[in-house]
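**Student:** The amino acid sequence is not available; the structure is as follows:
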């Protein structure tokens, strides 16, 4: 992924992940680039999952604050 100063948004990471998936489905990725594309996809998946987890925690904290 990019350095911390250039952290992508969830939307941009998800869009890049979709582009990689489409390239793989279209068989547009050469064998020499396959490993790099899969590694990048794994980074993006981890980033998106973490962003979703953090957002879920924030929403639960807000709900608890409203109910509490």
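**Tutor:** Great, that's in hand. What you see is a predicted model, and the numbers here were worked out from it, not measured in a lab.

**Student:** Any figure for the gap between the residue nearest to residue 10 when sequence neighbours are not counted and residue 12?
**Tutor:** Nearest residue to residue 10 in three dimensions, chain neighbours excluded: residue 51, at 4.6 Å (C-beta to C-beta, 6 or more residues apart in numbering). For the C-beta atoms, the positions are set from N, CA and C on the backbone; glycine is no exception. Separation of residue 51 from residue 12 (C-beta to C-beta, to the nearest Å): 11 Å.

**Student:** ok, those two, which is more surrounded?
**Tutor:** Counted by other C-beta atoms under 10 Å, residue 51 and residue 12 do not tie: residue 51 has more neighbours, with 17 against 12.

**Student:** and stretch 16-25, what's its mean pLDDT?
**Tutor:** Across stretch 16-25, the average pLDDT comes to 97.

**Student:** Identify the residues contacting that stretch?
**Tutor:** For stretch 16-25, contacts defined as C-beta atoms under 8 Å, 6 or more residues apart in numbering pick out 8, 29, 37, 40, 41, 44, 45, 48.

**Student:** Buried by neighbour count: which residues of that stretch qualify?
**Tutor:** 16, 17, 20 (16 or more other C-beta atoms under 10 Å).

**Student:** Centre of the chain to that stretch, how far?
**Tutor:** 12 Å (C-alpha atoms, centre = their mean, to the nearest Å).

**Student:** before we move on, which element is the residue nearest to residue 10 in?
**Tutor:** In this structure, residue 51 sits in helix 31-67 according to DSSP states H and E.

**Student:** and that helix, what's its mean pLDDT?
**Tutor:** 93.

**Student:** dump the residue contacts of residue 14.
**Tutor:** Taking C-beta under 8 Å, 6+ apart as the test, what residue 14 contacts is 44, 48.

**Student:** Check which helix or strand it maps to.
**Tutor:** If you go by DSSP H and E, residue 14 is part of helix 10-25.

**Student:** Now do that helix against helix 31-67, angle only.
**Tutor:** 150 degrees (axes from the mean of the first three to the mean of the last three C-alpha atoms, to 10 degrees).

**Student:** roughly how far out does helix 10-25 sit from the chain middle?
**Tutor:** 9 Å.
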